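Chemist: take a look and give me a structure for this.
(one chain, ligands or ions: 2)
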Amino acid sequence: MNELVEQARRLVINAQGIFDSGENAAVLQSTLDRLDGPLRVAIAGKVKAGKSTLLNALVGERLAPTDTGECTKVVTWYRDGHTYQVMIHPKDGSPPVQGRFHRDDGAIEVDLEGRDALSIERLDITWPSSGLRKLTLVDTPGIDSLTEGISTRAFEFLDPEDNETPADAVLYLMKHIHASDLRLLEAFHDDSVASPNPVNAVAVLSRADEIGAGRLDSMASARRIAKRYGQDGRLRRLIQVVVPVAGLLAETAETLTQWEYKSLKQLADCKPTDLDPYLLSADRFVEARPETPLTSLERDQLLSRFGLFGVRLSIALLRRKVAETSSELSDELVGRSGLLELQTILTTLFVDRSDVLKARSALLAVERMCNEDRTNEGAQQLLLAIEQIMAGVHPFNELSTMAAIRSGWVAGKPRDLSDLERVLGASGTTPWQRLGLDESADQASIRNAAVAELARFQRLAESPFTVHDLGMACRVGIRSLEALIASSNQMATESIN
Ligand SMILES: Nc1nc2c(ncn2[C@@H]2O[C@H](COP(=O)(O)OP(=O)(O)O)[C@@H](O)[C@H]2O)c(=O)[nH]1
Ligand SMILES: [Mg+2]
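Modeler: Ligands and ions are numbered 1, 2, ... in the order given. Modelled structure (predicted):
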């Protein structure tokens, strides 16, 4: 896979020889730097979709300020590094300046020193954190911000027409399907052949705990809804999967304090007949109740950290002794928040494929630059080289074929198409994932399954009833299976020697 990054690097270096000054030169330099850095994932969606909260849950630390405030109106990058540092990048192109910051309840509040949020292109925060080692996370302002300018900015940020694709992948948060959600997603994807897409976008059905009005089965309802959304034709064209996540619960569980654990334990130890009537609604929960522990203010504090669902769930887990210590409670809540599923999906779809996604972003950046300079002969040669890499490198073919299937451009039986997507790596790129086997599958069963799938797709590709596009898609899948069989043969030979 690294070879792909190397090919992209050589191409960018060639481009540097052609575009050696001005903005293009700067873009190329940052394109080159990106190839060595972690994958960049943008978190997008409407205001209050829960973006900043989910970012914190993914990092495992409260870093991004939530709710409103000047800083939440600015695109903010969070990346791992050795020092704690904030850089403010002004929009007018002047050099970035180091910013001062303080922490407010954990959240990093950058002192904008009187600058208007709209005059800032982005805040770039370096923060030593293992949660940011594999992914650089980009928090974006919501698309329906009160001020038009901020919405426009979120669009600009995600818009691939921009010279440099700012993110390699996107996590799109939504509470329901709205036309504006679809518009934003469509803006992030462009449909040129060189830019295959639903492959680098995942949707999160966010604030999933609120779906069942705080009932204990809220997450089960959210999973059903997410599944239905995932089958919606309009969404399938834009994203890979929909995952339900209760971001607030995940964030709180990961940063659970002793005080919170003890307070919940006190509540759980109350007689259910005394306490339960007050768990019926958020308003009731915070009413002053001299007969139950904790003041109104303290209960309000719990509510803002856990949500009503989180409070109820924690009390139920403590009562049933499913969790007895604060770390057990934290693990149980994380497990039930949907965060682990999201992390697995991010790993299989983005992290494991980060070389392909990063190389793709680099090629797209050069491609855009060349397209703007139609008269330049060097640029035209670069375009040819890009086309060759895109067509000749199998992982790119896998991406574009998956995108074509998702876009409904390939006609075929639903089962053939979904199995083909799986073979191409839509559920993960390890052999067992491509073959739909169990993680524990041994080499022999992997090889047998691969051989069987290979024969099946060969028959399908050669059948006179198979339409041209499906035949082409099958051939890409066949190549993936051949590579898989070859590497498993190689492993078998190595283990004999
Ligand atoms: N109940 C519940 N509230 C949430 C969840 N995620 C965020 N919130 C709350 O929604 C508000 C907006 O969240 P924030 O992360 O700032 O949203 P953003 O505007 O998309 O960045 C905050 O008050 C959060 O506490 C969630 O999963 N469940
Ligand atoms: Mg936010």
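
Chemist: okay, now the unreliable bits of the stretch 1-150 of the chain?
Modeler: Along the stretch 1-150 of the chain, segments meeting pLDDT under 70 span 1, 143-150.

Chemist: if you set the cut-off to 80 instead, what comes out?
Modeler: By pLDDT under 80, the low-scoring segments of the stretch 1-150 of the chain are 1-2, 68-72, 93, 142-150.

Chemist: quick check: closest non-adjacent residue to the residue in the stretch 351-497 of the chain positioned nearest to ligand 2.
Modeler: In the stretch 351-497 of the chain, no residue comes nearer to ligand 2 than V351, which is 23.4 Å away by CB to the ion. From N, CA and C alone the C-beta is placed, and that goes for glycine too. The shortest distance from V351 to any non-neighbouring residue, by CB to CB, 6 or more residues apart in numbering, is to K134 (5.1 Å).

Chemist: that neighbour - how many residues pack around it?
Modeler: Neighbours of K134 under the rule other CB atoms under 10 Å: 16.

Chemist: also G22?
Modeler: 8.

Chemist: distance of the closest residue in space to R289 that isn't next to it in sequence from R312?
Modeler: Closest residue to R289 apart from its sequence neighbours, by CB to CB, 6+ apart: Y278 at 6.1 Å. Y278 sits 11 Å away from R312, going by CB to CB, to the nearest Å.

Chemist: repeat for A25
Modeler: Distance from A25 to R312, by CB to CB: 57 Å.

Chemist: neighbour count for these two, which is higher?
Modeler: Per other CB under 10 Å, whichever of A25 and R312 has more neighbours is R312, with 20 against 12.

Chemist: near ligand 1 at all, the helix or strand encompassing that one?
Modeler: Per DSSP states H and E, R312 falls inside helix 296-319. Yes: on the criterion CB under 6 Å from any ligand atom, helix 296-319 is in touch with ligand 1 at G307.

Chemist: what does whichever helix or strand comes after that helix contact?
Modeler: Later in the chain than helix 296-319, the nearest helix or strand by DSSP H and E is helix 326-337. Here helix 326-337 makes contact (CB atoms under 8 Å, 6 or more residues apart in numbering) with 57, 209, 219, 245-247, 249-250, 252-254, 256, 258, 261, 264, 310, 313-314, 317-318, 322-323, 340.

Chemist: helix 326-337 near ligand 1 at all?
Modeler: No: taking CB under 6 Å from any ligand atom as the criterion, helix 326-337 and ligand 1 are apart, separated by no less than 7.9 Å.

Chemist: that helix to helix 296-319, inter-axis angle?
Modeler: 90 degrees (axes from the mean of the first three to the mean of the last three CA atoms, to 10 degrees).

Chemist: and helix 326-337, how far out from the chain's middle?
Modeler: Centroid separation between helix 326-337 and its chain, computed with CA atoms, centre = their mean, to the nearest Å, is 22 Å.

Chemist: let's see that helix as PDB, backbone CA atoms only.
Modeler: Provided in PDB are the C-alpha atoms of helix 326-337 (Å, rounded to 0.1, in the frame of the first residue of the first chain):
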ATOM      1  CA  SER A 326     -16.900   3.700  38.500                       C
ATOM      2  CA  SER A 327     -14.700   2.100  35.900                       C
ATOM      3  CA  GLU A 328     -17.200  -0.700  35.300                       C
ATOM      4  CA  LEU A 329     -19.900   1.900  34.900                       C
ATOM      5  CA  SER A 330     -17.800   3.800  32.500                       C
ATOM      6  CA  ASP A 331     -17.200   0.700  30.400                       C
ATOM      7  CA  GLU A 332     -20.800  -0.300  30.300                       C
ATOM      8  CA  LEU A 333     -21.900   3.200  29.300                       C
ATOM      9  CA  VAL A 334     -19.300   3.400  26.500                       C
ATOM     10  CA  GLY A 335     -20.400   0.000  25.300                       C
ATOM     11  CA  ARG A 336     -24.000   1.000  25.200                       C
ATOM     12  CA  SER A 337     -23.400   4.400  23.600                       C
END
